[in-house]
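[1] I'll drop the sequence and a predicted model, then ask my questions.
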Amino acid sequence: MSAASSRRNGRGGKLAKSVEPSQRGAATRDVILETAIDCFARSGYEGTSMSAVARSAGVAQPLMHYYFASKDELWRAAISKAFSEMLVQQKLNHELEELDPVSALQILIRRHISFLARHPNVAPLLASEAQFSTDRVNWLTDTYIAPLEQHLSKLIELGRRDGRIRDDLPIPFVARFIVGSASAFFMTSALMERMYGIDTADPDAVETYTRVTIDLTLKGLLATEQE
């Protein structure tokens, strides 16, 4: 039985009684982490307690400390789980350097938005942490965000050398704009639903936002009008 099938619908992840004893340890830890991701995304680090995660996950407080010695350890494990797919994508992004820079940029942007759509708690997690300089933010940045933006920056630089991308825009600002634009859609789900009736989890809406992001980004970056 998978960890996902041991969770109930809705916020948090209550343990199902049908989990086999041999699987219970791994399933319990997985449910705790899934619940922690949700809690940290909703309430931030300061607003989340070990006891709140335990209640939402349906586990006893002592069991929380059996798996995680501190809230910081829980947070780092939750972040690692939420962002694990990004590490795989970072390895795949190296192959993009074999393409022309503009095509590679389009693929990278599409991959990142697709990742955020599959993991809707990632963007709120970033938003809750990225405002202030902390050891947590430094670790999150160095491990997950910086490699992504370094790939973006390299592709932009290659495009400049080819004369296809403007050279008057500071690359750090461009890279942050692209990544921030991708995240913004998933950080404002309630606003999109309220104002436009758009569900940010809807695949068609995600595809439309991806096309808009790529189109507007490239129209601003390209040195001449190009497709």
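    Yes, it's here. Residues are numbered from 1 along each chain as shown.

[2] ok, so what distance separates residue 151 from residue 116?
    Distance of residue 151 to residue 116, computed by C-beta to C-beta, to the nearest Å: 16 Å. In this view, the C-beta of every residue, glycine as well, is placed from N, C-alpha and C.

[3] okay, the two: which has more neighbours?
    residue 116 (24 against 21; other C-beta atoms under 10 Å).

[4] How about the contacts made by the more buried one?
    122-123, 182-183, 185-186 (C-beta atoms under 8 Å, 6 or more residues apart in numbering).

[5] Now flag whichever of those residues is closest to residue 212.
    Relative to residue 212, the closest of the contacts of residue 116 is residue 185; by C-beta to C-beta it sits at 9.3 Å.

[6] Neighbours of residue 138, how many?
    11.

[7] residues in contact with it?
    Contacts for residue 138 (C-beta under 8 Å, 6+ apart) come out as none.

[8] State the distance from it to residue 67.
    To residue 67, residue 138 is 25 Å away according to C-beta to C-beta.

[9] Same check on residue 57?
    In terms of C-beta to C-beta, residue 57 sits 10 Å off from residue 67.

[10] Who has more neighbours out of the two?
    With neighbours defined as other C-beta under 10 Å, residue 57 and residue 67 compare such that residue 57 has more, 25 against 15.

[11] ok, residue 161 to residue 64 distance?
    Look at residue 161 and residue 64: by C-beta to C-beta, they are 52 Å apart.

[12] in this structure, which spans are helices?
    Remark: helices assigned in the chain by DSSP state H are 21-43, 50-57, 61-67, 71-93, 101-118, 122-129, 135-140, 146-161, 171-187, 189-196, 203-221.

[13] Quick check: neighbours shared by residue 57 and residue 67?
    residue 32.

[14] Let's check: the centremost residue of the protein is which one?
    Centroid-nearest residue in the chain: residue 122, 3.3 Å away (criterion: C-alpha atoms, centre = their mean).

[15] Now do that one against residue 185, distance only.
    Separation of residue 122 from residue 185 (C-beta to C-beta) stands at 12 Å.

[16] Residue 158 and residue 99 touch, don't they?
    No: with contact defined as C-beta atoms under 8 Å, residue 158 does not reach residue 99; the gap is 9.8 Å.

[17] Which one of these two is surrounded by more residues?
    Comparing residue 158 with residue 99 by other C-beta under 10 Å, the one with more neighbours is residue 158, at 18 against 15.

[18] ok, back up a step: quick one: which of residue 161 and residue 64 has more around it?
    Neighbours per residue, other C-beta under 10 Å: of residue 161 and residue 64, the larger number sits with residue 64, 21 against 10.

[19] Near the nearest residue to that one once chain neighbours are set aside, how many other residues are there?
    Leaving aside its chain neighbours, residue 64 sits nearest to residue 54 (4.7 Å; criterion: C-beta to C-beta, 6 or more residues apart in numbering). Using other C-beta under 10 Å, residue 54 is surrounded by 19 other residues.

[20] Can you give me every residue that contacts residue 54?
    By C-beta under 8 Å, 6+ apart, the contact list for residue 54 reads 32, 60-61, 63-64.

[21] what about residue 169, distance to residue 159?
    Going from residue 169 to residue 159 by C-beta to C-beta gives 11 Å.

[22] Those two: who's more crowded?
    residue 159 (21 against 14).

[23] In this structure the more buried one contacts residue 99, no?
    No: contact criterion C-beta under 8 Å: residue 159 and residue 99 do not qualify, at 11.1 Å.
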